[in-house]
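[1] whatever this is, show me its structure:
(one chain, ligands or ions: 3)
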Amino acid sequence: MLLAIDCGNTNTVFSLWDGTRFVATWRTSTEWQRTADQYYVWLRTLMQFQKLEVDITDVIISSTVPRVVFNLRVFADRYFNTRPLVVGKPDCLLPVDVRVDEGTQVGPDRLVNTVAGFDLFGGDLIMVDFGTATTFDVVDTDGAYVGGVIAPGVNLSLEALHQAAAALPHVDITKPQSVVGTNTVACMQSGVFWGYVGLVREICDRIKAERAREMRVISTGGLAPLFQQSEALFDAYQEDLTMHGLTVIYKYNKEKE
Ligand SMILES: Nc1ncnc2c1ncn2[C@@H]1O[C@H](COP(=O)(O)OP(=O)(O)O)[C@@H](O)[C@H]1O
Ligand SMILES: CC(C)(COP(=O)(O)O)[C@@H](O)C(=O)NCCC(=O)O
Ligand SMILES: [K+]
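    Numbers count the residues shown, from 1 in each chain. Ligands and ions are numbered 1, 2, ... in the order given. Next up, the predicted model:
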């Protein structure tokens, strides 16, 4: 059984994959101080709770936080006696090219999203991932990652307003009833929600114009449905995109062994 770990700047997702489907998925906050033993106790408890008696033989990791990788490697080695595949490291092969400026360390999550997108939808894609940051990954006709865009995340934008302005409260994002807010919370939600709708539309239009071709826009991440519902910004929404990409990369490396 494969354990796939997707570590973002806010949350880390663990999924068990039996070769055809995900049998379980758990989420924890990302903390680089967490030790291998802590991961194991946490995972073991959840597996017992779901009465999952499975043998984990392989581990693959994608992490946008370099510091957590050390403890996750120890975790894989100590408890599952396996050397994990770590996306972005030279010994983890990718089924697609990466065409960016020399020396650029592309976020592994963006590489994984590219692989997943190409596998599910083919080439000429814009993958939009609503994480801590909102990333746009441009997938070429042949599946290559050719760059993209990084924007502040939805919650990060709201949090920045709260942090920087004494009179602005902590606010959760929802779709506002109208553009003109008649209270502070509504004003903040409007700024971020409609600002984001504009941001996504403008960036996608400009990418398509710059590349002079039609491209499909695929969204992922917890907040993607909020924008999809009203504004039809995306051609498709794919919930477990990053996890899917991890399984594709795992299979590719197994075949190459
Ligand atoms: N389903 C959801 N509804 C609302 N907020 C969400 C949902 N999923 C994630 N978030 C929020 O979106 C932000 C990014 O989360 P996540 O996608 O896990 O980021 P990352 O991959 O960077 O760790 C966080 O602030 C998180 O609390
Ligand atoms: C842009 C990101 C912070 C997004 O991370 P996330 O929101 O998923 O935690 C991450 O992909 C990253 O650190 N990238 C490195 C720079 C680059 O991709 O060019
Ligand atoms: K992510």
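[2] now do the end-to-end distance for stretch 128-146.
    14 Å (CA to CA, to the nearest Å).
[3] do it and ligand 2 meet at all?
    Yes. Residues of stretch 128-146 are located near ligand 2 by CB under 6 Å from any ligand atom, namely 131-133, 135. All C-beta spots, glycine's among them, are computed from the backbone N, C-alpha and C.
[4] among those residues, which are in strands?
    In strands, defined here by DSSP state E, the members of the residues of stretch 128-146 next to ligand 2 are 133, 135.
[5] in ChimeraX, how would I select just the buried ones from the residues of stretch 128-146 next to ligand 2?
    To isolate the buried ones among the residues of stretch 128-146 next to ligand 2 in ChimeraX, judged by 16 or more other CB atoms under 10 Å, type:
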select :131,132,133,135
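[6] near ligand 1 too, which of the residues of stretch 128-146 next to ligand 2?
    131-132.
[7] tell me which two of the residues of stretch 128-146 next to ligand 2 sit farthest apart.
    The largest separation in those, counting by CB to CB, is between 132 and 135 at 9.7 Å.
[8] with distance to residue 244 and pLDDT added, can I get the residues of stretch 128-146 next to ligand 2 in a markdown table?
    Below are these laid out as a markdown table (distance: CB to CB, whole Å; pLDDT from 0 to 100):
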| residue | distance to residue 244 | pLDDT |
| --- | --- | --- |
| 131 | 16 | 95 |
| 132 | 20 | 96 |
| 133 | 20 | 97 |
| 135 | 17 | 98 |
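[9] and ligand 3, which of the residues of stretch 128-146 next to ligand 2 reach it?
    Near ligand 3, judged by CB under 5 Å from the ion, the entries from the residues of stretch 128-146 next to ligand 2 are residue 131.
[10] with that, I have no additional questions.
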